[in-house]
Each structure stands twice: as structure tokens, then as C-alpha cells.
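Q: Structure for this input, please:
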Amino acid sequence: MVKEDKATWKSNYFVKLTNLLDEFPRIFIVNVDNVGSKQMQNIRAQLRGDATLLLGKNTMMRKAIRGHMDSNPNLEKLLPAIRQNVGFVFTDGDLTEVRDKILANKVPAAARAGALAPVSCTVPAQVTPLGPEKTSFFQALQIPTKIPRGNIEILADYVE
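A: Below you'll find the model as predicted:
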């Protein structure tokens, strides 16, 4: 399969998005941060027949929507939501069924450096089995500690 040039790809994307905006009366906006390609493939397979998932560049999405607003002025409400890593789920079926299919594929992800936790985390005040050589780890997180009897003790609950 030959990859098309950038201009052709962009024009095809605009046509595809405008066709989907015309065809489907309901749209979900989904955040796809920390979603792997295999998980995305599973979601697309489950939605097949009920909904269409479209991802792309935010600027291209905004440009296509702005160009299509003359036929549907309600699309202007979508523009502020196109931030970060988002996609559109187009459907003409029941929204709750489609939402349930999407949420059924939600899986917990391991923590990664630099990633923000979607929920708050608490480190309780306690004596840890860690030795004094690990104090730099707690200092980097600004967690107050002391070292009684060769172990690190966390002095106060740390909530992040």
C-alpha cells in the first residue's frame, strides 16, 4: 500500500470528518492520553457497526469544524473541547450503550515518570523497611522523614 502525500492525506481527512459530521447526529469527545495502540484497536473493533472513532491533529479538526460551521452552527461548541489528545466517537445509536462499550475497555495503567495521576495518592505516615540510603527518594518528593533504628520513618501523611 502506497502512502499518499501530505496534501492528499489532509484533504481526505477533511472530507472524512465533514462526512461524519453530516452523517451522525451524536458525537462523543474522548481523551486518549495513555491509551495504547492495542487497546485502541480493541475499542475500534467493539464499536464497529455502532459508532466510528476518529482521531487526528487538533488543528486539522478545528479547521474542518470551522469550515463546516456554516451548515451546522452548533459545532462551535466542540471547539473549546479540542485540547490535548482527544478524538471523536460518532454514533447515531444510543449514547449510553456506546459509552458503556468504551468504558468496558478502560484498563488501569502503570505509573510512568512525568505522567499525572488521574486520582489523588496518599502515602501514610509510617515506618518503612527502607534503609537510610533511600532518603534522597523521599527528599525529591518533599516528604518529611527521619531515621530511627536504621529505617526511614515518614513523619506526616503525604497527599498528592
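Q: Can you point out the buried residues in stretch 92-105?
A: Buried residues in stretch 92-105, defined by neighbour count with 16 or more other CB atoms under 10 Å: 98, 101, 102. All C-beta spots, glycine's among them, are computed from the backbone N, C-alpha and C.
Q: average pLDDT for the helix or strand harbouring the second one?
A: Right, the one you point to is residue 101. Per DSSP states H and E: residue 101 is located in helix 95-104. Throughout helix 95-104, pLDDT has a mean value of 89.
Q: This protein: helices as residue ranges?
A: For the chain, helices defined by DSSP state H occupy the ranges 6-23, 37-47, 58-68, 95-104, 135-140.
Q: Format the buried residues of stretch 92-105 as JSON lines; extra columns: distance to residue 121.
A: Shown next, in JSON lines, are these (distance: CB to CB, whole Å):
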{"residue": "98", "distance to residue 121": "31"}
{"residue": "101", "distance to residue 121": "29"}
{"residue": "102", "distance to residue 121": "25"}
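Q: Mind listing what's buried along stretch 44-56?
A: Applying 16+ other CB under 10 Å to stretch 44-56 flags 46, 47, 51, 52, 53, 56 as buried.
Q: Identify the farthest-apart pair in the residues you listed.
A: 46 and 56 (20.6 Å; CB to CB).
Q: Residue 23: which of the buried residues of stretch 44-56 is nearest?
A: residue 52 (8.6 Å).
Q: pLDDT score for the closest residue to that closest one other than its chain neighbours?
A: Distance criterion CB to CB, 6 or more residues apart in numbering; nearest residue to residue 52, sequence neighbours excluded, is residue 90 at 4.6 Å. We have a pLDDT of 92 for residue 90.
Q: Does residue 90 touch residue 47 like I think?
A: No: contact criterion CB atoms under 8 Å: residue 90 and residue 47 do not qualify, at 9.7 Å.
Q: what sits in contact with each of these two?
A: Residues touching both residue 90 and residue 47 (CB atoms under 8 Å, 6 or more residues apart in numbering) are residue 53.
Q: burial of residue 18, as a residue count?
A: The tally of other residues near residue 18 (other CB atoms under 10 Å) stands at 15.
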